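Colleague: I need the structure of the sequence given here:
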Amino acid sequence: MKRSQINYAIDKAHAIAATFRVCLPEFALFTAEAWREQPLEEWSEVLDLQLGWDITDFGRGDFSKTGLTLLTLRNGVLHSAAYPKPYAEKMLQIQQEQQTPWHFHAHKMEDILNRGGGDLCMQLGWATDDALFDEQRRVEVRVDGRWRTLKPGETLVLKPGQGVCLPPRLYHRFWAEKALVLGWEISMVNDDKRDNHFLEPGGRFPVIDEDVPVKWLLCHEYGRLNVT
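Modeller: Model (predicted):
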């Protein structure tokens, strides 16, 4: 991705949050310049747990088609005394017709919610023991506490206000139809470095072409703050 795309995506994400009247935490408003003026020891949890903005094209090179805008609001670390939270929370912004590709989590159980906008469309299927897509096993999930049974790959449509609980090892892909979707994720501890398994080759974080200066630091770029 180009840095100009990332800068624009976060500018747009702020505007979308304001449209939905979602108030963001202070650290989500810090530009790269503002971060460098902060007493970083006071923000150790944000920096250590990589809370903040996460813009990704999943290594596909076409953000408008395959990509996602996320803001990690809170997280923990498994078996950690310093950060013992057993849960995580993220804001998701899914552009119309923009997809998140097939993946599953070995550990994390998560609820994905449609907070407003268009329809959040999702396809599901179990992972086999060797991490392939199980074409035979039917999928049972709870949508707002109601059991739904689906064929592998069948589309589940979440209307605004609806949410689905996804257990570990359940492949899922999702996209927005009719309009942008403001999504939300409530989950167990999130570990993007080790707990994401993609069905097709790609990557969780983008390779960045620095075509313009950095306006917003992504959550995995806080190491830049230690450079003098």
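
Colleague: and the residue nearest the centre of this protein?
Modeller: In the chain, the residue lying closest to the centroid (CA atoms, centre = their mean) is Leu70, at 4.5 Å.

Colleague: can you tell me the closest non-neighbouring residue to that residue?
Modeller: Here the nearest residue to Leu70 in space, its sequence neighbours aside, is Asp54; by CB to CB, 6 or more residues apart in numbering that works out to 4.1 Å. To be clear about C-beta, it is placed using only N, CA and C from the backbone, and glycine gets the same treatment.

Colleague: what about the one you found, how many residues nearby?
Modeller: 22 (other CB atoms under 10 Å).

Colleague: what of Glu37?
Modeller: A count of nearby residues for Glu37, using other CB under 10 Å, gives 9.

Colleague: what ranges of the protein fall below the confidence cut-off?
Modeller: Residue ranges of the chain with pLDDT under 70: 227-228.

Colleague: quick check, Val207 in contact with Gly59.
Modeller: Yes: between Val207 and Gly59 there is a contact at 7.1 Å, judged by CB atoms under 8 Å.

Colleague: so the two - more neighbours on which side?
Modeller: Gly59 (17 against 9).

Colleague: does that one touch Asn196 like I think?
Modeller: No: taking contacts as CB under 8 Å, Gly59 lies outside contact range of Asn196: 11.6 Å.

Colleague: need the overlap of contacts for these two.
Modeller: Arg204 (CB atoms under 8 Å, 6 or more residues apart in numbering).

Colleague: burial of Lys2, as a residue count?
Modeller: For Lys2, using other CB under 10 Å, the count is 14.

Colleague: return the lengthiest strand in the chain as CSV; C-alpha atoms alone will do.
Modeller: Identified as the longest strand of the chain according to DSSP state E is strand 170-188. The C-alpha coordinates for strand 170-188 follow below in CSV (Å, rounded to 0.1, in the frame of the first residue of the first chain):
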residue,chain,number,x,y,z
LEU,A,170,-14.0,-21.5,11.8
TYR,A,171,-13.0,-20.0,8.4
HIS,A,172,-14.7,-16.8,7.6
ARG,A,173,-14.7,-14.1,5.0
PHE,A,174,-16.9,-11.0,5.0
TRP,A,175,-17.8,-7.9,2.9
ALA,A,176,-20.2,-5.0,2.9
GLU,A,177,-23.2,-4.7,0.6
LYS,A,178,-25.5,-1.7,-0.1
ALA,A,179,-23.3,0.7,1.8
LEU,A,180,-20.3,0.9,4.1
VAL,A,181,-20.6,-1.1,7.3
LEU,A,182,-19.5,0.1,10.7
GLY,A,183,-18.5,-3.2,12.3
TRP,A,184,-17.4,-4.1,15.8
GLU,A,185,-15.4,-7.1,17.2
ILE,A,186,-15.6,-8.3,20.8
SER,A,187,-13.2,-11.2,21.3
MET,A,188,-10.8,-13.2,23.4
